[in-house]
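Colleague: Quick one: sequence and predicted model below, then my questions.
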Amino acid sequence: MGRVGLVLLASVATIALAGCATNRTGALNADYANLSGPQIQASVADLSQRYAQDPRNKVLGIHYAAALRAAGQTEPAVTVLENLISVHHGDAEVGLAYAKALSAAGRFEQALRVVDNATNPVTPDWDALSVRGAILDQMGRPAEARQAYTQALLLAPQEARLHANLGLSYAMTGELIQAEAHLRQAASLPGSTSKVRQNLALVLGLQGQFEAARALYAAELPPEQVQANMDYIRALLTQQDRWQTIRNDTPA
């Protein structure tokens, strides 16, 4: 994690995870959040030049917006997707990417409307349901969020990202036993990322399992970051409003 805290995964499209239960194109397999800072910057620079030469290219635009989000450039990412929507009217992939960009920018009400418009209620895509859940969690509506994740898991039961987001949903309401169970399941599946394991470490630490948390962090992070994360956990445990603090630290 670039900073300590829970990292909600659903609004970031991920690279071709194993066990994918739906047909997907390269447009949705765009993940830059797991890259290093210099790698993200290089991706943004490269995609910016390519996008400028072909701004109507759907896949290129979605990738560029994803890289911008990873770089923290949320409003430019929104602008890129708005331009794509003006060209690709009614395209579900563009609509879903737009919802992710809006969510990353904190525009949750608008993001929810967009993702609902981009979702086929008869044959919903698990990724769209996952994004919907992430938005609802950020809006403080965990029961509805978990309904979306549960429906998505019926379509993609081995999708690590869905189990991870369901775990984070429970973590944000302080239900740590349930959070740990889902994060452990996510960590055991193909496609699990370092963020999943770090979020599991955080949940373990919040339950007082400090050695287990430290061991997980140590496998993912340099020593100084491990110590910073452990200090953060101990600070959270002294705060009465720690669940609100975690929610505030959780990017969409």
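Modeller: All right, it came through fine.
Colleague: make it CA atoms for all contacts and neighbour counts henceforth
Modeller: Will do.
Colleague: now Thr119: how far from Leu200?
Modeller: Computed as CA to CA, to the nearest Å, the Thr119 to Leu200 distance reads 30 Å.
Colleague: what's the answer for Pro142, then?
Modeller: Taken as CA to CA, the span from Pro142 to Leu200 is 19 Å.
Colleague: same deal with Glu180?
Modeller: From Glu180 to Leu200 the distance is 6 Å (CA to CA).
Colleague: And for Gln49?
Modeller: Distance from Gln49 to Leu200, by CA to CA: 38 Å.
Colleague: These two: which is more packed in?
Modeller: Leu200 (29 against 11; other CA atoms under 10 Å).
Colleague: give the contact list for the more buried one.
Modeller: By CA atoms under 8 Å, 6 or more residues apart in numbering, Leu200 lies in contact with Glu180, Leu183, Arg184, Ala213.
Colleague: Selecting buried members of these in ChimeraX, what would you type?
Modeller: For the buried members of the contacts of Leu200, the matching ChimeraX selection, counting by 16 or more other CA atoms under 10 Å, is:
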select :180,183,184,213
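Colleague: got the contacts of Leu200 as a markdown table, with distance to Leu221, secondary structure and pLDDT columns?
Modeller: Formatted as a markdown table, those follow (distance: CA to CA, whole Å; DSSP: H, G, I helix; E, B strand; the rest coil; pLDDT from 0 to 100):
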| residue | distance to Leu221 | secondary structure | pLDDT |
| --- | --- | --- | --- |
| Glu180 | 20 | helix | 97 |
| Leu183 | 18 | helix | 97 |
| Arg184 | 19 | helix | 97 |
| Ala213 | 12 | helix | 97 |
